[in-house]
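Asks: quick one, what's the 3D model for this:
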Amino acid sequence: GGVVVWRNGDGAIRRATTARMHGWLREQEEELRRRQEVFGDPPGEQLRGRPLIVVDDGIATGMTVKAALLSLRRLAPASLVLAVPVVDRAIASELAQLVDRFEALAVVDDLRAVGLWYEHFEQLRDDQVLALLNQPRAGSAPAPAGLLDQP
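Replies: Predicted coordinates for the structure are as follows:
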């Protein structure tokens, strides 16, 4: 949605300029477009006036989710909810101001790495995410045998 977020501080404008010069922002925008195509995200206009729920696996710095929330807020949703299993306490209060409702299972001090809060924290490939998204929902036919056993 055209939102770029930098940590507050004297070097924010310099970092944004450096990121543009080196193409880092362009790379991120291209990756975002790729993911939108792969996962079939609806155009922003279709989200206007609808309740939106953002779920993250955990928030340490809050930079990515803050950009997502600011971008989604521009679409004028009916409501905006953020749900996470773990979040750094200093970030939680800032993010709570950006949403209508904020749910966190654990609000902790000095969260250094989200993965430390998980027994298993592997990255998923696009095909794995698509398989999970296409899995039948509760109350429908059972998932094909072996689907959940894939690495």
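Asks: which non-adjacent residue is nearest residue 117?
Replies: Distances taken as CB to CB, 6 or more residues apart in numbering place residue 86 nearest to residue 117, at 4.7 Å, with adjacent residues excluded. The C-beta positions use only the backbone N, C-alpha and C, and glycine is treated the same way.
Asks: so the one you found lies in a strand, does it not?
Replies: Yes: assessed by DSSP: H, G, I helix; E, B strand; the rest coil, residue 86 belongs to a strand.
Asks: pLDDT on the helix or strand hosting residue 29, on average?
Replies: Using DSSP states H and E, residue 29 maps to helix 24-39. For helix 24-39, mean pLDDT rounds to 85.
Asks: just the C-alpha atoms of that helix, please, in CSV.
Replies: Written as CSV, here are the backbone C-alpha positions of helix 24-39 (Å, rounded to 0.1, in the frame of the first residue of the first chain):
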residue,chain,number,x,y,z
TRP,A,24,16.0,-2.6,-1.4
LEU,A,25,12.6,-1.0,-1.4
ARG,A,26,12.0,-2.0,-5.0
GLU,A,27,13.0,-5.6,-4.2
GLN,A,28,10.5,-5.6,-1.3
GLU,A,29,7.7,-4.2,-3.5
GLU,A,30,8.4,-6.8,-6.2
GLU,A,31,8.3,-9.6,-3.5
LEU,A,32,5.0,-8.2,-2.2
ARG,A,33,3.5,-8.3,-5.7
ARG,A,34,4.8,-11.8,-6.3
ARG,A,35,3.2,-13.0,-3.1
GLN,A,36,-0.1,-11.3,-3.8
GLU,A,37,-0.2,-13.1,-7.2
VAL,A,38,0.8,-16.5,-5.7
PHE,A,39,-1.6,-16.4,-2.8
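Asks: next helix or strand past it?
Replies: In N-to-C order, the element after helix 24-39 by DSSP H and E is strand 51-55.
Asks: tell me how far the residue nearest to residue 117 lies from residue 136.
Replies: Distance of residue 86 to residue 136, computed by CB to CB, to the nearest Å: 29 Å.
Asks: all good on my end, thank you.
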